[in-house]
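**Student:** Here is my input, please return the structure:
(one chain, ligands or ions: 3)
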Amino acid sequence: MPRQPLAAETRRFTRRWAAALAEAVSPARKPADIERVLTPLVDDLVRAVRTDPLTSDAARDVGMALVEANFRNARSLNRTITLLGTGLIEELGESLGMDDEQAVVSVAALQGAVAEGFSLALRSRMLRERHTTQAAALAAARASESRRRTSEARFRAVFAEASAGIAIVDRHGMVIEVNAALAEILDRDDDACTGLPIADLIADELPAKARANLAGLLAGKTSRFRTERTRTSADGRSLRLDVTLSAVTDDDGEIDFLIGVVVDLSECRALEAQLWHEVRHDELTGLPNRKLFLERLAATERLAGLCYVDLDGFKSFNDGLGHDTGDRLLIAVTERLRQVANADGVVIARLGGDEFVLLIEEDGTDADRVTHYAERTLDALAAPIRIGDDEYSVTASIGVVHTSAAGTSPSELMRAADISLQRAKALGRARWERYDPDRGAEEATKHELATAIPLALSRDEFVLDYQPMVTLPDPVVSGFEALVRWRHPQLGLLGPDRFIPLAEQTGHIVALGRWVLEQACAQARRWYDEFRDVPVVVSVNVAATQLREASFVADVLGALHAAGLPADRLQLELTESAVAGDTSHALAALSELAAAGVSLAIDDFGTGYSNLAHLGRLPVHTLKIDRSFLSPIRPGGPTDPAHDKIVAATISLAHSLGLDVAAEGVETPAQVEALRVLHCDSAQGFLFGAPASADDATMLIAHRIAALDSA
Ligand code: C2E
Ligand code: MG
Ligand code: MG
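**Tutor:** Ligands and ions are numbered 1, 2, ... in the order given. So this is what the prediction gives:
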């Protein structure tokens, strides 16, 4: 949830901004003074990001205010734009309550608006200066004969001291005199400027229309003429000049001479061009960013389609190896993508984080250019990437969309790309998937379900059921497994299999998992209060993504603390795959939790890597044998004899490693009997109780149902 930023956060950001500006201006200004100027601007910025920066005038006003406060050089603006790109989210990101993607879009919009305001203000300020110069010069020149002497002196003063360039031109259009400012703008001696036609002085070339306007002015048909022209200076720089020529007439209305006022807009224009670039490109990789990509997408004709590329598991890579290595990896990936695309004029953009997109136009020769590029992208990433002394394998999932299948509206294309990307991820990653409109409806529902999870959380649409876990040989309730359900307003009650995999793919599992933990701990605390001397454990499922999250340990300990639940009343269920492979981070997290007293179980054991020796080295306490090993070959019939052997072997091996074994999916008394013989430690299944509401679970403890077996 967004909250008001704390005073300390805004102050920190203000201080960083002031420091950045202090280095950008000379003569130096005191940081404290700069901070005073910036404080109200930071408030405006925060307001702008929290509303909609794309439509907010507030951000533009901030850019204008900078110029008014005399931060007028390109460096001031550059520093500001850079700081907005990094510092704002670092200092205030949390309080803004946005996900990464929103943040990237909002910050880019904010940078654009600030830059726009800045250059508008700068331009209008320069032109204002020109205006005053011109007014003063004309007033002095037009003064009547009686005041000629004083006004002559005043004119000279304006002429000599103006920061704008001034030229005095005779009635034939030849330059009589220029002031020092104009000579400096053109990088020429005053002498080299005089005697030339004014047209040659102010422009490399004067187009026909401007020539006609100048002729009209000299013929007395108009009194003023303004134009903006390009002029190459003596040292070869390309200048952009704003020129106004005004006629000064005598008492009979005949032209006496002309005054030309010239303002150098070059820096302003260069700045605008630079800003245009900066606001539309990604700082890290130099690629076009989302803003430019969307502009191109809207403007492109003959679009064949796009490839939406997302690196697999990049988040855990970043968390594990640090952002610095993550950044270098992104740069290396960008290089590979450039090789794929550059030669053919395919546009690549970075949409943020580890997401890239290739925009592909038809070329009339290759009927399926889009898929072709998806293939080539996968190939380009196949060789490991070397960073320093280490090599890393990077794979990507790619959503392929053809305009023939999804139409050409940018939002439809992006949606279709996202749907096919999610499919590529779900089908095992490191692959591309093409958008198929026939499958669209079902996938769109999935996609919508996945994106609706945060809203559903805020609307309290999730509930937990609790399934009893019992000890063996005598089945005594020892705790409950918390199992999440979604009371969907349109689709009814959804089981976890419908949305947990989607939540994992999108990362929403982290927030959902946190909620489950908090609820389950709170419920366990109620049981703790109500049944002091019956130890009731609550068991919570944890997805691999959650375990990789840097804040995982803190989340668990935080939930225990918030509920006031002793750690030994909580068990976490992890899957084998979550703890297999590169486990250094997972191992550290699990060890810390185990040391705090939390019990750890491996869920669905037997369906994954099944490396018992490896599990024995982890701080795990219990294996939960997957229910597929207990289910009968036919309903009511005997179980698979091979499965019986696996269960027997697993139990004895686990015991030799000091692990407890729980059996899942126990439905018949015969299964209980078999498990007893094998010294299985505990069990769970419909025989002892299906998942039920917290109230039902509470009643079950109250009745202390001790034995349901037939023995
Ligand atoms: P699981 O952790 O293996 O949970 C046990 C599942 O087996 C539950 O399905 C339960 O209803 C079902 N079950 C229990 N006893 C029996 C039985 O005797 N026979 C049969 N046929 N089935 C039985 P459910 O509730 O649909 O949960 C499915 C899976 O969803 C869970 O499998 C778990 O992996 C996942 N899940 C549920 N809640 C959460 C959660 O809060 N977080 C995460 N990450 N995953 C969750
Ligand atoms: Mg489980
Ligand atoms: Mg299970």
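
**Student:** Could I get the full set of strands for the stretch 501-650 of the chain?
**Tutor:** 537-541, 570-575, 599-605, 622-625 (DSSP state E, counting those that start in this stretch).

**Student:** burial count for the closest residue to residue 280 other than its chain neighbours?
**Tutor:** Closest residue in space to residue 280, ignoring its immediate chain neighbours: residue 292 at 3.7 Å, by CB to CB, 6 or more residues apart in numbering. Any C-beta I mention is one placed from the backbone N, CA and C, and that applies to glycine too. If you count neighbours by other CB atoms under 10 Å, residue 292 ends up with 19.

**Student:** quick one on the thing from earlier: and the strands of the stretch 501-650 of the chain, which is most packed in?
**Tutor:** strand 622-625 (a mean of 25; mean count of other CB atoms under 10 Å).

**Student:** what's the spacing between the closest residue to residue 186 other than its chain neighbours and ligand 2?
**Tutor:** For residue 186, ignoring the flanking residues on the chain, the nearest one in space by CB to CB, 6+ apart is residue 233 at 5.9 Å. Shown here: residue 233 relative to ligand 2, a distance of 75 Å by CB to the ion, to the nearest Å.

**Student:** Am I right that residue 233 is in contact with residue 183?
**Tutor:** No. Using CB atoms under 8 Å, residue 233 is not in contact with residue 183; the gap is 11.0 Å.

**Student:** Name the residues of this protein found near ligand 1, please.
**Tutor:** 467, 483-484, 495-497, 500, 513, 516, 541-543, 573, 603-604, 627, 664-667, 684-686, 691 (CB under 6 Å from any ligand atom).

**Student:** Restricted to buried residues, select those in ChimeraX.
**Tutor:** The ChimeraX selection below is limited to those of the residues of the chain next to ligand 1 classed as buried (16 or more other CB atoms under 10 Å):
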select :467,483,484,496,500,513,516,541,542,543,573,603,604,627,664,665,666,667,684,685,691
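
**Student:** hang on, residue 257 is in a strand, isn't it?
**Tutor:** Yes. Residue 257 forms part of a strand when assessed by DSSP: H, G, I helix; E, B strand; the rest coil.

**Student:** Any idea how many residues pack against it?
**Tutor:** Applying other CB under 10 Å, I find that residue 257 has 15 neighbouring residues.

**Student:** Among the residues of the chain next to ligand 1, which lie within helices?
**Tutor:** 496-497, 500, 513, 516 (DSSP state H).

**Student:** tally of neighbours for residue 350?
**Tutor:** Residue 350, neighbours per other CB under 10 Å, totals 26.

**Student:** Packing partners of the helix or strand harbouring it?
**Tutor:** In the assignment (DSSP states H and E), residue 350 maps to strand 347-352. Strand 347-352 sits against helix 100-142, helix 290-299, helix 323-341, strand 355-361, with contacts defined as 3 or more CB pairs under 8 Å, 6 or more residues apart in numbering; DSSP states H and E.

**Student:** related to what we said a few turns ago, can you put the strands of the stretch 501-650 of the chain in CSV and add mean pLDDT and distance to residue 673?
**Tutor:** As requested, those are exported to CSV (pLDDT from 0 to 100; distance: least, CB to CB, whole Å):
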stretch, mean pLDDT, distance to residue 673
strand 537-541, 98, 24
strand 570-575, 95, 26
strand 599-605, 93, 21
strand 622-625, 94, 16
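
**Student:** With distance to residue 478 as added columns, please give the ones you listed in a markdown table.
**Tutor:** Formatted as a markdown table, those follow (distance: least, CB to CB, whole Å):
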| stretch | distance to residue 478 |
| --- | --- |
| strand 537-541 | 6 |
| strand 570-575 | 10 |
| strand 599-605 | 11 |
| strand 622-625 | 11 |
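
**Student:** Need phi/psi at the residue in the stretch 351-500 of the chain that ligand 2 sits nearest to.
**Tutor:** Here the residue of the stretch 351-500 of the chain nearest ligand 2 is residue 481; by CB to the ion that distance is 5.5 Å. Here is the backbone geometry of residue 481 (degrees, to the nearest 10): phi -90, psi 130.

**Student:** Please name the residues that touch it.
**Tutor:** By CB atoms under 8 Å, 6 or more residues apart in numbering, the contact list for residue 481 reads 466-467, 469, 538-541, 573, 684, 691.

**Student:** If we use 7 Å, what do you get?
**Tutor:** By CB atoms under 7 Å, 6 or more residues apart in numbering, residue 481 lies in contact with 466-467, 469, 539, 684.

**Student:** So in terms of bridging, what pairs with it?
**Tutor:** residue 467, residue 539 (DSSP bridges).

**Student:** quick one on the thing from earlier: so for the residue nearest to residue 186, what pLDDT did the model give?
**Tutor:** Here the pLDDT value assigned to residue 233 is 87.

**Student:** I figured it hits residue 187, correct?
**Tutor:** Yes. The pair residue 233 and residue 187 qualifies as a contact (CB atoms under 7 Å) at a distance of 4.3 Å.

**Student:** Where does pLDDT dip in the stretch 51-200 of the chain?
**Tutor:** 52-56, 97-105, 142-151, 153 (pLDDT under 70).

**Student:** ok, which stretches of it are helices?
**Tutor:** Secondary structure of the stretch 51-200 of the chain (DSSP state H, counting those that start in this stretch): helices at 57-68, 74-96, 100-142, 148-161, 180-186, 190-193, 198-202.

**Student:** out of those, nearest to ligand 3?
**Tutor:** Nearest of the helices of the stretch 51-200 of the chain to ligand 3, taken as CB to the ion: helix 100-142 at 31.8 Å.

**Student:** which residues does residue 387 bridge with?
**Tutor:** Beta-bridge partners, per DSSP bridges, of residue 387: residue 390.

**Student:** quick thing: my sequence starts at 580, can you match it?
**Tutor:** New numbering, starting at 580: the last item is residue 966.

**Student:** neighbours around it, how many?
**Tutor:** Neighbours of residue 966 using other CB under 10 Å come to 17.

**Student:** now swap in residue 596 and tell me
**Tutor:** 25.

**Student:** Please report how far it lies from residue 651.
**Tutor:** Note on residue 596: its distance to residue 651, by CB to CB, to the nearest Å, is 16 Å.

**Student:** Quick one: residues contacting residue 1085.
**Tutor:** residue 1029.

**Student:** again, but for residue 695
**Tutor:** 639, 642.

**Student:** switch the cut-off to 6 Å
**Tutor:** residue 639 (CB atoms under 6 Å, 6 or more residues apart in numbering).
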